[in-house]
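**Q** I'll drop the sequence and a predicted model, then ask my questions.
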Amino acid sequence: MAGLYYNRLNSFIEADPNHLLGLLVSGLADQGFDTTKLTAASWQQEISELHESLRPLPQLISSNCDIYILLEYVLPIIGQRLDCVLLINNMIFVIEYKGGCSSNSRAALHQAKEYALNLRDFHEESRNQIIVPIAVGAFKTAIAFDENAVPMQGTSVSPNDLASIIARAHRRWANLNTRIDPDAWNRSRYFPVPSIIEAASAVYLDHDVKDLAYSRSGIDNLEATQNAIAECVRDARTRNVKKLIVVTGVPGSGKTLAGLNAVQLLQKELNLKDEQASFLSGNGPLVEVLREALKRSVGRRKKGVARSVQSRIREMHRFVRDSYDDARPPVDKLIVFDEAQRAWTAEKNRKKFGRDIAEPEMVLEIMGRHTNWAVVVALVGGGQEIHGGEAGLAAWGDAIARHNDWEVATSPEALHGGHSVAGSRLFRSPCSHMARIEENPQLHLAISKRSFETEITAAWVNAVLDGRQEDASSLADSDQLPIYLTRDLNAARSWLRKESHGHRRTGLVASSGAARLRAEGVEPPTFSFLGGIDYPKWFLEPDGDHRSSNQLEVALSEFELQGLELDLVGLLWGGDLLFIDGQVVTRRLAGQKWNAVSGTGDPQSSADNPRTRILNKYRVLMTRFRKGMVIFVPTGSLEDPTRSPDGFNATYTYLLDCGAKPLDSANT
């Protein structure tokens, strides 16, 4: 979306202020935005001050170049409007203007940095350009310009000093032999890759998934998967049949987003009044965080918001427990089960509730009570089973084999045992009801969108955890893998803080089996300790709040993080997984001794395989980042048998050989 005003700086300076104001007001109205007298007054002051403050700039810029200015440049989807952008040579100046008297220059610069980061990460014509965020206002305390810092560090200035600061930055960082094409920049495609929290909020606020389905390379198959789900639901409703839809995908590919969007859009499209579509998850922290994020995004005081969120996003095990003993059909005609491979086995159900039946079969029985149509969408990931008693993908096939009235639409990955499901299959043996099974490639999400800096993260992590060092190294060489290594926890924290510009979110993560992190000054992420942590606040509160992940004080485990993500992750490596002499060693601490943990390696029984669960813990933790990750490997201690340096040293060397980079090589 182009800026509301776009021209050469000289033309802007000579333009009539009232004419400029009229362009901004009418332009915003044409795009469906409301303007108020306060907005118009703010623009009037901004135009006047920018006229005066930028007038000296052409003379201060020594190079013979054109300077272009854009006002109210809109970043689509996320709805951010950049007050002012200047394009000079290969440099982009993002100016956040604060009228009146403001004392909070830090908050204003924080906002300018957020806009600059979104340009750098998602704006096609801004890639590999120099971007400088600047906050402009009558600040009581300004943040000085530092020529020795990185451009993204930015500065805050008064209007009178704006031109001189831009000129200094231009002298310091500009390449006079290159220039941004201003017309192309103004028309540039913008490919936002929102976090799951941002995406869920956008979906709930009625953005279509197609608006969120972009990466730098263009449209991937998220929209195609969404359409395939919708078509299956329409077919079930038209023919009055019951259908299980199995959607597979690599970690971070958008399975949860597709599920949330299905619930929101189909609820409206089908015009369900006495019926309901719900998103269910067996991950309690994910449900808590999404509920709180949606309440905040829509507005706590909006009537019915809390109740609507509560009814559409629910905890799966509670839904099964509350519905199974009720002979009536549930109000839900469509349920989306996130991480469906985590459904409980019959044995776990028997221990918990005295019911000798697996959770997938309970779900089909509950939804099967409807006399006409019903749909269950099972979102399935591979290598994510981290709890004992998780039934796995095959349990859904077992349930289908005992319910002849259900049809199946599934991705080929689930049917044939692909990489995304770690080799597990929907049916343990050829199914006698294959005529009722539709194989649809569009029900598979093959591209990870979480780590928007690289698409190889999931493949690299799999190679590392499989002990395939050469494959991991080759993958790392083929792309810029944003994963670093350090033996210094303070250095890891410093890097995370340095990289967390704008609203980028950081956090520490660790395996629940990393039992000796206390020696490094971090409480191990055990259930008893994390029971006192407010997960929504950890994920949602800003810098400065002691409950926020950004404080880098509390490490969450794989159980709280599954399905969620952070922009920048600090992974604290534990003694439960080591790489020694080319061997992958999984362990569990008992008293003063680490005991080896073994397993069968059968993908169909991986949910009950203790060795696989340890590997999956790290698979989850190593795929939580969107922008970058630093891995802290302790040095250990010769005096402490539970922290032997040899195993940690070998693990550090192995990760280094796999392509992770020493932290001192990070380009910050």
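**A** Ah, there it is. Numbering: from 1, shown residues only.

**Q** pull up the pairing partners for the strand or helix carrying Leu334, direction included.
**A** If you go by DSSP states H and E, Leu334 is part of strand 332-338. Applying DSSP bridges, strand 332-338 is found paired with strand 276-281 (parallel), strand 374-380 (parallel).

**Q** which one of those lies closest to Tyr654?
**A** Nearest to Tyr654, of all the strands paired with strand 332-338, is strand 374-380, at 30.2 Å by C-beta to C-beta. Quick note: C-beta positions are derived from backbone N, CA and C, even for glycine.

**Q** burial of Trp406, as a residue count?
**A** By other C-beta atoms under 10 Å, 20 other residues sit near Trp406.

**Q** that one contacts Val246, doesn't it?
**A** No. Applying C-beta atoms under 8 Å as the test, Trp406 and Val246 come out as separate, 11.7 Å apart.

**Q** could I get the average pLDDT for the longest strand seen in the chain?
**A** As assigned by DSSP state E, the longest strand anywhere in the chain is strand 91-102. Averaged across strand 91-102, pLDDT comes to 83.

**Q** ok, residues contacting that strand?
**A** Contact with strand 91-102 is made by 42, 45-46, 49-50, 82-87, 108-109, 111-112, 115-116, 119, 126, 129-140, 151, 162, 166, 169-170, 173-174, 180, 185, as judged by C-beta atoms under 8 Å, 6 or more residues apart in numbering.

**Q** what about these, which are in strands?
**A** Counting by DSSP E, these place 82-87, 130-139 in strands.

**Q** give me the domain ranges for the protein.
**A** Annotated domains of the chain cover 5-186, 196-445, 457-665 [automatic domain parsing].

**Q** those: lowest mean pLDDT?
**A** Lowest mean pLDDT within the domains of the chain: domain 196-445, at a mean of 79.

**Q** what about that one, distance to the chain center?
**A** 19 Å (C-alpha atoms, centre = their mean, to the nearest Å).

**Q** now Arg314: phi and psi?
**A** phi -130, psi 160 (degrees, to the nearest 10).

**Q** hey, what's it bridged with?
**A** Bridge pairing for Arg314 - DSSP bridges - gives Leu280.

**Q** any idea which element Thr586 lies in?
**A** strand 583-590.

**Q** also Tyr484?
**A** Secondary structure assignment for Tyr484, by DSSP H and E: strand 483-486.

**Q** residues in contact with that strand?
**A** 460, 492, 495, 628-633, 652, 655-656, 659-663, 665-666.

**Q** so which of these belong to strands?
**A** 628-632, 661-662.

**Q** of the residues you listed - the most surrounded one?
**A** Most neighbours among the ones in strands among the contacts of strand 483-486, by other C-beta under 10 Å: Val630, with 28 neighbours.

**Q** a markdown table for the ones in strands among the contacts of strand 483-486, including distance to Ser62?
**A** Output for those, formatted as a markdown table (distance: C-beta to C-beta, whole Å):
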| residue | distance to Ser62 |
| --- | --- |
| Gly628 | 36 |
| Met629 | 41 |
| Val630 | 40 |
| Ile631 | 45 |
| Phe632 | 45 |
| Lys661 | 37 |
| Pro662 | 39 |
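
**Q** for Val464, state which of the residues you listed is nearest.
**A** For those, the nearest to Val464 is Ile631 (10.4 Å; C-beta to C-beta).

**Q** which ones are touching the closest one?
**A** 483-486, 571, 573, 655, 660.

**Q** over to Gly563?
**A** 196, 256, 281, 283, 286, 338-339.

**Q** Arg321: neighbour count?
**A** Arg321: 16 surrounding residues under other C-beta under 10 Å.

**Q** relative to His110, how far out is Glu565?
**A** According to C-beta to C-beta, to the nearest Å, Glu565 and His110 sit 21 Å apart.

**Q** what do you get for Ile13?
**A** 29 Å.

**Q** so for the two, which residue has more residues nearby?
**A** Using other C-beta under 10 Å, the more surrounded residue of Ile13 and His110 is His110, with 20 against 17.

**Q** the more buried one - nearest residue in space that isn't next to it in sequence?
**A** Gly502 (6.4 Å; C-beta to C-beta, 6 or more residues apart in numbering).

**Q** alpha carbons only: can I get stretch 124-131 in PDB?
**A** Output in PDB follows, covering the C-alpha atoms of stretch 124-131 (Å, rounded to 0.1, in the frame of the first residue of the first chain):
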ATOM      1  CA  GLU A 124      10.600  -6.500   0.000                       C
ATOM      2  CA  GLU A 125      12.300  -3.300  -1.200                       C
ATOM      3  CA  SER A 126      13.800  -2.600   2.200                       C
ATOM      4  CA  ARG A 127      15.800  -5.900   2.400                       C
ATOM      5  CA  ASN A 128      19.600  -5.300   2.800                       C
ATOM      6  CA  GLN A 129      19.200  -1.500   3.100                       C
ATOM      7  CA  ILE A 130      20.400   0.700   5.900                       C
ATOM      8  CA  ILE A 131      17.400   1.600   8.100                       C
END
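
**Q** which one is Gly27 nearest to, not counting chain neighbours?
**A** Spatially, and ignoring its direct neighbours in sequence, Gly27 is nearest to Leu4 (3.7 Å; C-beta to C-beta, 6+ apart).

**Q** list the contacts of the one you found.
**A** 23-24, 27-28, 71-74.

**Q** for it, phi and psi?
**A** Torsion angles, degrees, to the nearest 10, at Leu4: phi -70, psi -30.

**Q** and it, how far from Tyr73?
**A** Distance from Leu4 to Tyr73, counting by C-beta to C-beta: 8 Å.

**Q** could you do Leu286 as well?
**A** For Leu286 relative to Tyr73 (C-beta to C-beta), the value is 34 Å.

**Q** now do Ala510
**A** Taken as C-beta to C-beta, the span from Ala510 to Tyr73 is 41 Å.

**Q** more neighbours: these two, which one.
**A** Ala510 (27 against 23).

**Q** who does the more buried one bridge with?
**A** Those that pair with Ala510 in a beta bridge, by DSSP bridges, are Leu572.

**Q** excluding sequence neighbours, find me the nearest residue to Ala596.
**A** Spatial nearest neighbour of Ala596, chain neighbours left out: Arg587 (5.9 Å); criterion: C-beta to C-beta, 6+ apart.

**Q** residues in contact with that neighbour?
**A** The neighbours of Arg587, taking C-beta under 8 Å, 6+ apart as the test, are 513, 575-578, 594-597, 614.

**Q** now the end-to-end length of stretch 650-664.
**A** In stretch 650-664, first residue to last residue: 20 Å (C-alpha to C-alpha, to the nearest Å).

**Q** return the set of buried residues in that stretch.
**A** 650-652, 654-655, 658-661, 663 (16 or more other C-beta atoms under 10 Å).

**Q** same thing with stretch 133-146?
**A** Neighbour-count burial for stretch 133-146 [16+ other C-beta under 10 Å]: 133-139, 142-143, 145.

**Q** can you check stretch 402-419 too?
**A** Result for stretch 402-419 [16+ other C-beta under 10 Å]: buried residues 403, 406-411, 413-415, 417-418.

**Q** ok, now stretch 576-595?
**A** 576-579, 584-587, 589, 594.

**Q** from the chain's centre, how far out does that stretch sit?
**A** 31 Å.

**Q** for it, C-alpha coordinates in CSV please.
**A** What follows is stretch 576-595, C-alpha atoms only, in CSV (Å, rounded to 0.1, in the frame of the first residue of the first chain):
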residue,chain,number,x,y,z
ASP,A,576,19.8,-34.8,29.7
LEU,A,577,20.9,-34.8,26.1
LEU,A,578,24.6,-34.9,25.0
PHE,A,579,26.5,-35.7,21.9
ILE,A,580,29.6,-37.8,22.7
ASP,A,581,31.9,-39.5,20.2
GLY,A,582,29.3,-39.3,17.4
GLN,A,583,26.6,-40.8,19.7
VAL,A,584,23.3,-39.2,20.8
VAL,A,585,23.1,-39.8,24.6
THR,A,586,19.8,-39.4,26.4
ARG,A,587,19.8,-39.4,30.2
ARG,A,588,17.8,-38.8,33.3
LEU,A,589,19.2,-37.6,36.6
ALA,A,590,18.5,-39.9,39.7
GLY,A,591,20.1,-38.7,42.8
GLN,A,592,23.8,-38.0,42.1
LYS,A,593,23.9,-40.1,38.9
TRP,A,594,22.8,-39.7,35.3
ASN,A,595,21.2,-42.9,34.0
